[in-house]
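Q: Structure for the following, please:
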Amino acid sequence: MSDTQQSSNTCDVLFVEDNSHFRSKIIQSHLSGCRVIELNQGRHFLQVLEKYQFHFILMDYELPDNNGEVLVIAAREYDYSGPIIGVSSSEYLNQKLLRAGADTSIEKRKSYLLPKIITQAISLAGAREFKIQCTYGKKSL
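A: Residues are numbered from 1 along each chain as shown. As a prediction, this is how the structure comes out:
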């Protein structure tokens, strides 16, 4: 990236993850400039989804009071058509998120690939005519 270009990540993100250390690491390294609402459990998930419009959702599988599979199904039943990205500790759990309706997934240990995964998921959602535009990963002068 040249000195005159920088990534402009002006997106609203819902990050459902109970591990506060991992959540902070991802926000700091991959979601700077984004407005992130953090949930460490599933209890208020639908209320938050009803109140705000999100460009994408990052979803863990294992939560203290629920699991990501149930929340992904609830989001799709609520008619959330934006990208849902599974971010769990194993491929097995990520596959469960995908079967529930997540668009894509990544194992936590490969989180360095998250920007590429987010950009691809946003692109696919645009092809599905998801109406909320996000500038994640776009270059600005």
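Q: Centroid-nearest residue for this protein?
A: L58 (2.4 Å; CA atoms, centre = their mean).
Q: Quickly find the element holding that one.
A: Per DSSP states H and E: L58 is located in strand 56-59.
Q: Show me what the lengthiest helix in the chain packs onto, helices and strands only.
A: Using DSSP state H, we find that the single longest helix of the chain is helix 114-127. On a contact count with 3 or more CB pairs under 8 Å, 6 or more residues apart in numbering; DSSP states H and E, helix 114-127 meets helix 20-30, strand 56-59, strand 84-88, strand 104-107. Every C-beta, even on glycine, is put in place using the N, C-alpha and C of the backbone.
Q: and for the first one, what are the contacting residues?
A: Contact with helix 20-30 is made by 15, 17, 34, 36, 38, 40, 58, 87, 108, 111, 114-115, 118, as judged by CB atoms under 8 Å, 6 or more residues apart in numbering.
Q: how about a cut-off of 6 Å?
A: Contacts with helix 20-30, where a contact means CB atoms under 6 Å, 6 or more residues apart in numbering, come from 15, 17, 36, 38, 114-115.
Q: would you turn the residues you listed into TSV with distance to R76?
A: TSV is the format used below for those (distance: CB to CB, whole Å):
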residue	distance to R76
F15	18
E17	19
V36	21
E38	21
L114	22
P115	24
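Q: Narrow these to those that are buried.
A: Among the contacts of helix 20-30, those buried by neighbour count (16 or more other CB atoms under 10 Å) are 15, 17, 36, 114-115.
Q: What is the helix or strand containing K96 packed up against?
A: Element membership for K96, per DSSP H and E: helix 91-100. Secondary-structure packing of helix 91-100 (3 or more CB pairs under 6 Å, 6 or more residues apart in numbering; DSSP states H and E): helix 68-77, strand 84-88, strand 104-107.
Q: Now do the buried residues in that helix.
A: Across helix 91-100, burial judged by 16+ other CB under 10 Å covers 93-94, 96-98, 100.
Q: got it, and stretch 20-32?
A: For stretch 20-32, burial by neighbour count (16+ other CB under 10 Å) applies to 22-23, 26-27, 30-31.
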